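Engineer: sequence and predicted structure below; questions after.
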Amino acid sequence: MSSFYHGDALELSIFGQSHSPAIGVTLSGLPAGLAIDMDELGAFLRRRAPGQNAWSTPRKEADLPEFLSGLVGTVTCGAPLCAVIHNTNTRSQDYRNLIDIPRPGHADYTAQVKFGGYQDVAGGGHFSGRLTAPLCIAGGICKQLLAARGIEVMARIDAIAGIEDTSEFLAPVDRKDFPATSDESAKHMKAAIAQARAEEDSVGGIIRCQIIGVPAGLGEPMFGGLENKISQLAFAIPAVKGIAFGLGFAAAGLRGSENNDAYRVEDGRVVTETNHCGGILGGISNGMPIVFRLAVKPTPSIAKTQHSVSLSAMQNAELSIHGRHDPCIVPRAVPCVEAAAAIAIYDALKASGI
């Protein structure tokens, strides 16, 4: 099972399953002598942790990382950094029937075909969103290293259940319990999540991420483009189904004169009058903010009865899913998006020697 990211300067491996004794990450390529703020990393991980509010799963996990290597005190030593998070609140019995009756919209069936029935179905196994916790360890560290270079990575909820946050996104939302810019929009989003949960259903949404301070010239053409790098890591987040940079698909309906970002000189540097390209042209940063949006599907594990099949009997069946699940993944996925983007940008920066 491939859970490796082979970057230009970093190598990342994520291991464990949702209900295994622990989950973890190994990150290779960090130089020695970098100080890590553990309080800041802990605050970042808490933004993703479950069981904190009405719009997430009731499963409670502290998500406190234990570092096994790569640090002396809180400073990197040049060795591969390895950290684990112990799983402490599992209920594997809730998932026993899924080895035979796969959940619609989940990876149960495709994993069964791929691994011949030997996969771990408890909590979704290695396909669970639980595995974004170690991703956030690596991403939280990369965020700190980028911030030291004047690069800020921040994401927010752009929409949930069709309810949009149209407020301008100018500041981080990391100190909010619900990561939307507009408190009024957040109120309606929370109501939509609560209604879906009451109806034994779920909702999806859109996350916007922007990265400020990336210098021009970062990235490579074609297969080494910044869009490619960010997208590869973003799709490691379960439930992500689409990504668009800048105007994305909306650019297809414009003329070139409308879509092109005109240049001008401002304070001795080249800038663009608009940012329809999302800060990347030809796979290379142009110095403007990198902006992209991610589509997140509704949580596939819902209590409402669904049509499925019995794989042992090879006949149609109905499925009622038990267990503890988020009625909406979007709020807890916001820091995961920041983590993925931070890893991609730090990898590109380190590889470039900037």
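Structural biologist: Received the coordinates, thanks.

Engineer: what about Pro21, how many neighbours?
Structural biologist: When counting by other CB atoms under 10 Å, one arrives at 11 neighbours for Pro21. In this view, the C-beta of every residue, glycine as well, is placed from N, C-alpha and C.

Engineer: return the distance of it relative to Val84.
Structural biologist: For Pro21, the distance to Val84 equals 9 Å [CB to CB, to the nearest Å].

Engineer: repeat for Gly246
Structural biologist: Taking CB to CB as the criterion, Gly246 is separated from Val84 by 38 Å.

Engineer: so between the two, which is more surrounded?
Structural biologist: Here Gly246 and Val84 are set side by side on neighbour count (other CB under 10 Å), and the busier one is Gly246, at 23 against 19.

Engineer: pLDDT score for the residue nearest to that one when sequence neighbours are not counted?
Structural biologist: For Gly246, ignoring the flanking residues on the chain, the nearest one in space by CB to CB, 6 or more residues apart in numbering is Gly278 at 2.9 Å. Confidence at Gly278, expressed as pLDDT, is 98.

Engineer: Gly278 touches Phe245, doesn't it?
Structural biologist: Yes. Using CB atoms under 8 Å, Gly278 is in contact with Phe245, at 3.7 Å.

Engineer: name the residues contacting each of these two.
Structural biologist: 290-292 (CB atoms under 8 Å, 6 or more residues apart in numbering).

Engineer: ok so, going back, and Gly278 and Phe245? Which one has more around it.
Structural biologist: With neighbours defined as other CB under 10 Å, Gly278 and Phe245 compare such that Gly278 has more, 24 against 20.

Engineer: does that one sit in a helix, a strand or a coil?
Structural biologist: In terms of secondary structure, Gly278 is coil; the call rests on DSSP: H, G, I helix; E, B strand; the rest coil.

Engineer: so who does it touch?
Structural biologist: Contact criterion CB under 8 Å, 6+ apart gives 245-248, 290-292 as the residues in contact with Gly278.

Engineer: what do you get if the cut-off is 6 Å, keeping everything else the same?
Structural biologist: Shown in contact with Gly278 (CB atoms under 6 Å, 6 or more residues apart in numbering): 245-246, 291-292.

Engineer: now do Gly7
Structural biologist: Applying CB under 6 Å, 6+ apart, one finds that Gly7 lies in contact with Asp347.
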